[in-house]
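S.K.: okay, predicted coordinates and the sequence, questions at the end:
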Amino acid sequence: MTCDLTHRNGATLDGVVISNKNDKTIVVRVERYTKHALIKKYQRTHKKYYAHDPGNECSVGDKVKIVEFRPVSRTKRWHLLSIVKKAV
């Protein structure tokens, strides 16, 4: 049961679910490629985001799309938009 948040203009991110132990909450790891300022090589960086999953439908390893949303709690400022690919 994903919410209909497609009309929102907030930022969207793609990532992988790394935890779903909390009730109605998932932790999503988003990876980016950034260029090192001195060496000029590209390196992978990552960040964790807490997202609201109202149906508890995500499992660890799922590729998901999350959207920026109003604060639900102290750490949750993102909402599950859709599951792109289920984990095997």
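M.R.: Looks like it came in fine. Residues are numbered from 1 along each chain as shown.

S.K.: what helix or strand is the spatially most central residue of the chain on?
M.R.: Central residue of the chain (Cα atoms, centre = their mean): Val28, 4.0 Å from the mean position. According to DSSP states H and E, Val28 maps onto strand 25-35.

S.K.: pull out the buried positions in that strand.
M.R.: Residues of strand 25-35 classed as buried: Thr25, Ile26, Val27, Val28 (neighbour count, 16 or more other Cβ atoms under 10 Å). Bear in mind the C-beta positions are built from the backbone N, C-alpha and C, glycine included.

S.K.: out of those, which comes closest to Gly10?
M.R.: Nearest to Gly10 among those, counting by Cβ to Cβ, is Val28 at 14.9 Å.

S.K.: is it true that that closest one touches Trp78?
M.R.: Yes. Using Cβ atoms under 8 Å, Val28 is in contact with Trp78, at 7.4 Å.

S.K.: tell me how many other residues crowd Ser82.
M.R.: 14 (other Cβ atoms under 10 Å).

S.K.: tell me which element it is part of?
M.R.: In this assignment (DSSP H and E), Ser82 forms part of strand 78-85.

S.K.: give me the sheet partners of that strand and which way each runs.
M.R.: strand 42-52 (parallel), strand 63-68 (antiparallel) (DSSP bridges).

S.K.: between the ones you listed, which gets nearest to Lys86?
M.R.: strand 63-68 (8.3 Å).

S.K.: any chance you could list residues touching both of Val28 and Trp78?
M.R.: Leu13, Tyr49, Tyr50, Ala51, Ile66 (Cβ atoms under 8 Å, 6 or more residues apart in numbering).

S.K.: quick one: contacts for the fourth one?
M.R.: Read that as Ala51. Taking Cβ under 8 Å, 6+ apart as the test, what Ala51 contacts is Thr25, Ile26, Val27, Val28, Val64, Ile66, Lys76, Trp78, His79, Leu80.

S.K.: and if you look at the first one?
M.R.: The neighbourhood of Leu13, defined by Cβ under 8 Å, 6+ apart, consists of Val28, Val30, Tyr49, Lys65, Ile66, Trp78.
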